[in-house]
Each structure stands twice: as C-alpha cells, then as structure tokens.
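K.L.:
dropping a prediction and its sequence here:
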Amino acid sequence: MAKKYVLRRTGKASLTKHFDESHFTINYRQQLNPAQYEAVCALEGAYLVIAGAGSGKTRTLVYRVARLVEMGYDPQSILLLTFTRKAAKVMMDRAAILLDNRCSKINGGTFHSFANLTLRKYAKFVGLDNGFTILDQGDSEDIINLIRGQLKLGELKKRFPNKQTIFRVLSLSVNTEKSVEDILTAEYPHFIEFLDKINEIQKIYTSYKRKNYLLDYDDLLLFLRQFLNEFGPGAKNLLTSIKFVMVDEYQDTNKLQADIIRGLAQINKNIMVVGDDSQSIYSFRGANFKNIMDFPNLFENVKIITLEENYRSTQQILDFANHIIERAVEKYPKHLFTHKTGGDLPAIVCAANENMQSRFIVERVLELREEGIPLHEIAVLFRSSFSSFDLEIELNKANLPYMKFGGMKFTEAAHVKDVLAFLRIAYNPVDFVSWYRILLLHEGIGPRKAQHIMDELASGKLNISSHPEKVVSSKYNEHIYKLFELLHSIHTKNQLPSDKTEMVLKYYEPLFVAKYDDFNKRKKDLDMLMNIAEHYKSLESFLGDMALEPPQDSVIDIDAEDKEEEYLTLSTIHSAKGLEWHSVFVIHAIDGFFPSSQSFGSLDQLEEERRLMYVAVTRAKENLYVSYPIHIFDRQKGFTFAKPSRFIDGVDENKADIWLLEEGTEFTDTAF
C-alpha cells in the first residue's frame, strides 16, 4: 500500500539558523552597542540602517559580515557594495582580523567593479563581447571631442559647449534618467539652443562605443541593470548564489544604482542598506537624496534601525550638529549623543574681513600645535576651493606646510594615459581612442595621418595580429614599423602584465623625454605604474582596475611643501566626507557663499547645502571653529557687508561661543 506524504510547507524556506551565541568566537553583544547589535543580528528581510555621523557604520558592517560567516553561510554568497574599492577592502580585512580569513572571500567591491566582473562573465546575455574596453572619463571626453570636430560644431558663430560640459550633460542624463533637454534647462540653459546637436552627439557617441567594444562608466551600470531586469537564465544563476546584499553609503546612490540594488534582491530578498540621509551631498554627481528616503517603499516590511551613539566628537560639537540638522525639511529623526566627556563649545568666529579670518586661522593653528596637536590632526574646510586662496598666502608667509585636496588623479596624468594606451590596444586592437593618442606621440604623424592609419586599421588593411613585415608597407616610416612591432609582440605573447608594461616603458622612454620638460618628476608615476602591474596576472584585470579604481594622486600634482612629514589639511567639504580631525575650521560661512546663492531658488539645493554644513561640523573631534568675514569684496559693488550663514545664525549661547576678532589684540569671547 502506498504511503501518503502531505505537503505542509508553503512559501520561501527560512535561512535562519539557530545558534547558541556562547559558541561564537566573537562576543557580539558585548562588543557592540544595542543599535549596532540589532543591525548585526539582522538576517532575513530588508533593512535600512540610518547611521549618524561617527556612529560606527563601518564597525557594524564588519561585525555583520563576521557573524554571517560565523553562522556558516558561504562567504561567496555575501555581496558588499561600496563606493570605493578601498572601503570594501578595509571592511573585508577588518572582518578577517576579527574572525578569520573566510571573511576576505566575500564578494566585495564597487558598483562598477561588480558590474565589470558580472558583464564579462554573462556578456552574451546582454549582447556584449566580453573583451570590451572600459573608457575612463578622459577617454569619453576625447571621443566626444572627436565627434564635435567631425560635426564642425566649433565653427558655429555662437560658443558651443566644450567636451567636458557635453560629457557631464550626457552622463547626468543617464544617471538621473532625465532627458538631455531637462539637464540643459536646469544646469546649462544658455546651451538649450544646441539641444538637437547635443542629442546628435549622444547618438553618434553611443554608436561609436558599440561598434568598437567600448563601455564607459555609465554603460557598466546600464548593462548590469538590463541584465538583472531581464531576469534571464544568467541573472537567475547569479542571483541564486547571492544570499545577502549589503550596500554602504546608500545616500550617495543614483537612480541607476537604486534599480540595480532592487534587481539584486529579486530571489533572495535579504537586503541591508546603510547610510545617512543627513550626509547626502553629491547631487551634482547624480546622487539622489530621494533614494534613501524612499527605500521603505521599495521592499516589503522594511525595518529601520538608527545608529545615534557617536564615537568621534564631544557632546558640545554634536549639540551644534543636531541644531543644524533638526531644521531640515525632510529627514529620518535622529539625535546624536556620546559618552565622551569634556570639551569646549564650538566657536563662531566673526572677522572684520577675509584676511583677518586667514590670520586668525594661522595664529590658532600655531597655538594648537604648541598645545601638542600635530598639524595632520587639523583641517580647514570650505564650500568652494577659491575660498582658501587668501589663507594659502598667509600659510606660506608663516611657513606652515599644507596640502590642498582635490587634485589630479593618477591615471588622468598624461604620461600615465600614454602608457596605458599601448596596453589597451594590445587588449582591444580596435580601441581607436588609444590608437589616436599613441600615433600622435610619434614625430611626423599629425591628426590627418593618424586618421588615415586608423581607417586602414578599421578596414583590416592594417592589424597587430600579424607581424608588421606582412602588413606594414614601405609607405610607412620606421617609427610606424617599430610601433606595430611592439604592439604585435605585446598583443600576441602570453606574458604577465608587468612584462608587457616593461616592454612599453622601454619603447616609450624616448617619446616621454621628448614630450615632457619635467620628465624626471613624472618618471615616478611610471615607476608606480610598473609596481602596480607586478600584482596582476591578467591584462584584463589590470586595465579594468586602472579604469575603475586607480590610485588617487599623481606626483606632478604634489608641491614641494607636501614632502614635509607633517602638514595642515585644506579641503573642500565634499572631499572631506568620511574623514575626521582633532580640530576643524569651517571658513567663509556667509549667506551667499555657504549656502551658495545659486541654491536660494531651490528648496532641494538649499537643503543639500544644510547637509553639507552638517558634514563639515561633524568632522571635528575636539575643537570646532566656524568663521566668517563681515566685509567681503564684490566685483560689482566693491566691499560690502556679509551676513553669517543662515545655518549658524541665531545659535543659542549654550551651543556655541561667539568670538569677535580685533586688530592688535587676542580674539575675544563674547555674544551678540
């Protein structure tokens, strides 16, 4: 007689595993505060962790990774998405130190690096060739400039936007999913008459990339979203393997990234995003403040966990920060607090003019140094880069070493781009952006000759797969023969990236010396590039990382004073996000400067300026000085009176001291 088996289980199987925490290697409850512990123990479902400034966001993510691994989940089933590869590596390394090396095996990286790996693996599902080359921003701008020239737009009687502006418009259009017309209307209304021409450039640019197996940063996200949304066999295979998705700095995501995150949770709906709505300050890059505010509507039964205990600043600084953000129109309610004791009230410093503000900072920095605070623990932050020009003059007079942040990226340096261009052609022989660059390095080859050679390459008359003896005719000079000889060798030989790079550097040296007067200084960058190449086993991964996660600084961007072991930090607030210092000066806190006058007509922009001030003041651990000059110079009006920023105006005397600066005397502590 057949036995009966009654099906009782319905719905999705639970991932929950029951463990006696006393058997864990780590005592999570003891090492975390209650809110952090709740987030770390969260398992199934959707979670939004609102992590206030300095509240241990990274610590929380690290401990959650460790706990998931300790519970027995496969590290490869955990996906951690961040905005920099450094952030992902730091978290994985800390988790490995906390628990063991299993934590370093999780899937961690940036949105773009994850997209790159995924698309290469599943290229056929979105109609791509997996040998595509990634364009960095400079490459994209060069292609746009090429198209701009072919359309003869520079010959118009009215000024046509340059390549950087066109690229920004097209990129913002992709990342915000707004039309080019909407972007022009909002950001560049004086160029709206060229809408048709810019749309034409966009069409040709897209076609050019597809034809030549090129993807820019935006394409990586577009194709990844397409891959996930089509939910084909490849996507199902990928998503079945991902049990947990974790996203850092969610407030900085754009529309495309939010769609990708939703796509990643289609099968296993275990998603945790961590961020702070009060630190959403990158709308100019396409980041959308609404993403974090609307997250509870994207998934069912979203649980919100708020981290409010601050481990960075004194309570006096936190009270000042809370005062600023409490007046935000739209926010998740939170109140930062700390168990740290001591500390002085923040100071609102009123100077007669900009130069007095600068001299005050120099004097106060010298005093702090005498009190034992090293220069590298002090920062001066500003809304706009030009705000520090007068201060830089005073710092130079006082012989105070400083470094100003926001310089040239390593791979934006021309000589580094030159070398990478050779290697990119070896990987993708139809990368005509790189071809154009290296052809123009050679004596006797101008734009017309370079275009002719590229036409021959496109038609197949020339190629680097065959030895140049077979394809390079006598009509080409010796330089071209040697170039094709090099490219044939690095294209066809099965060598490590370091070997290929060494061959390129040997060939490039005479071109390099001829092109750059300061080649001795620039050579350090090429040495760095060679050192980086040593760590890679494939040219694909080396070039991918150079495009997506390059080192930040070039030696040609570092001045002599930077060689000092100790320096004062000067930085825009946007560049300072995520960092902290013992003592912080926020300068030029004037209405019209901070907040910017350009934000006055838009509530959204004005609120972002408020969040920017919140980010600035929460960088300070012990001392905070917010200064403004009363008299400022206006080109049209001459010297005029300035009002303190609306974000600090009228602060209660129990939240800040008011310092009035006077000539010939020490600054005085008073109240309005």
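P.N.:
Perfect, I can see it now. All figures in this text were calculated on a predicted structure; none of them were measured in a lab. Residues are numbered from 1 along each chain as shown.
K.L.:
helices of the stretch 1-150 of the chain, start to end?
P.N.:
Ranges of helices in the stretch 1-150 of the chain, per DSSP state H, counting those that start in this stretch, are 28-31, 34-41, 57-70, 85-98, 111-121, 137-150.
K.L.:
ranking these by burial, who's on top?
P.N.:
Burial of the helices of the stretch 1-150 of the chain is given as mean neighbour count (mean count of other CB atoms under 10 Å); helix 57-70 ranks first at a mean of 24. Just so you know, the C-beta spots here come from the backbone N, C-alpha and C atoms, and that holds for glycine as well.
K.L.:
what sits up against that one?
P.N.:
The contact list for helix 57-70 (CB atoms under 8 Å, 6 or more residues apart in numbering) reads 24-26, 28, 31-32, 36, 39-42, 49, 51, 75, 78, 80, 87, 90-92, 94-95, 98-99, 102-103, 106, 244, 246, 248, 272, 274, 276, 307.
K.L.:
tell me the gap between it and the middle of its chain.
P.N.:
For helix 57-70, the distance from its own C-alpha centre to the chain's C-alpha centre is 23 Å (CA atoms, centre = their mean, to the nearest Å).
K.L.:
stretch 282-293 too?
P.N.:
For stretch 282-293, the distance to the chain centre is 13 Å (CA atoms, centre = their mean).
K.L.:
could I get it in CSV with only the CA atoms?
P.N.:
Output of stretch 282-293 as CSV, limited to C-alpha atoms (Å, rounded to 0.1, in the frame of the first residue of the first chain):
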residue,chain,number,x,y,z
TYR,A,282,26.6,64.6,-4.1
SER,A,283,23.6,65.5,-6.3
PHE,A,284,26.0,67.2,-8.7
ARG,A,285,27.3,63.7,-9.5
GLY,A,286,23.7,62.3,-10.0
ALA,A,287,23.2,61.0,-6.4
ASN,A,288,19.6,61.2,-5.5
PHE,A,289,18.6,62.1,-1.9
LYS,A,290,15.1,60.6,-2.5
ASN,A,291,16.7,57.1,-2.8
ILE,A,292,17.3,56.7,0.9
MET,A,293,14.0,58.5,1.8
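K.L.:
buried sites along that stretch?
P.N.:
Neighbour counts over stretch 282-293 (16 or more other CB atoms under 10 Å) mark 282-283, 286-289, 291-292 as buried.
K.L.:
got those as a markdown table, with distance to D196 and secondary structure columns?
P.N.:
Below are the buried residues of stretch 282-293 laid out as a markdown table (distance: CB to CB, whole Å; DSSP: H, G, I helix; E, B strand; the rest coil):
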| residue | distance to D196 | secondary structure |
| --- | --- | --- |
| Y282 | 30 | coil |
| S283 | 27 | helix |
| G286 | 24 | coil |
| A287 | 29 | coil |
| N288 | 28 | coil |
| F289 | 32 | helix |
| N291 | 32 | helix |
| I292 | 36 | helix |
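K.L.:
among these, which one sits closest to L543?
P.N.:
G286 (24.9 Å; CB to CB).
K.L.:
pretty sure the closest one sits against S173.
P.N.:
No - the pair G286 and S173 fails to qualify as a contact (CB atoms under 8 Å) at a distance of 9.3 Å.
K.L.:
how many residues are close by E534?
P.N.:
12 (other CB atoms under 10 Å).
K.L.:
need the phi and psi values for it.
P.N.:
Here is the backbone geometry of E534 (degrees, to the nearest 10): phi -60, psi -20.
K.L.:
now stretch 193-210: average pLDDT?
P.N.:
For stretch 193-210, mean pLDDT rounds to 93.
K.L.:
buried set for it?
P.N.:
Neighbour counts using 16+ other CB under 10 Å place 194, 197-198, 201-202, 204-205, 208-209 of stretch 193-210 among the buried residues.
K.L.:
what's it in contact with?
P.N.:
Stretch 193-210 is contacted from outside by 135, 140, 143-144, 147-148, 151, 153, 158, 160-161, 166, 169-170, 173, 180-181, 184, 191, 214-216, 219, using CB under 8 Å, 6+ apart.
K.L.:
buried ones from these, can you make that a ChimeraX selection?
P.N.:
Here is the ChimeraX command that picks out the buried ones among the contacts of stretch 193-210, judged by 16+ other CB under 10 Å:
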select :135,140,143,144,147,148,153,160,161,166,169,170,173,180,184,191,214,215,216,219
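K.L.:
next, the buried residues of stretch 74-81.
P.N.:
Buried residues in stretch 74-81, counted by 16+ other CB under 10 Å: 75, 77-81.
K.L.:
would you format these as CSV with distance to K524 included?
P.N.:
Below are those laid out as CSV (distance: CB to CB, whole Å):
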residue, distance to K524
P75, 38
S77, 42
I78, 38
L79, 37
L80, 33
L81, 33
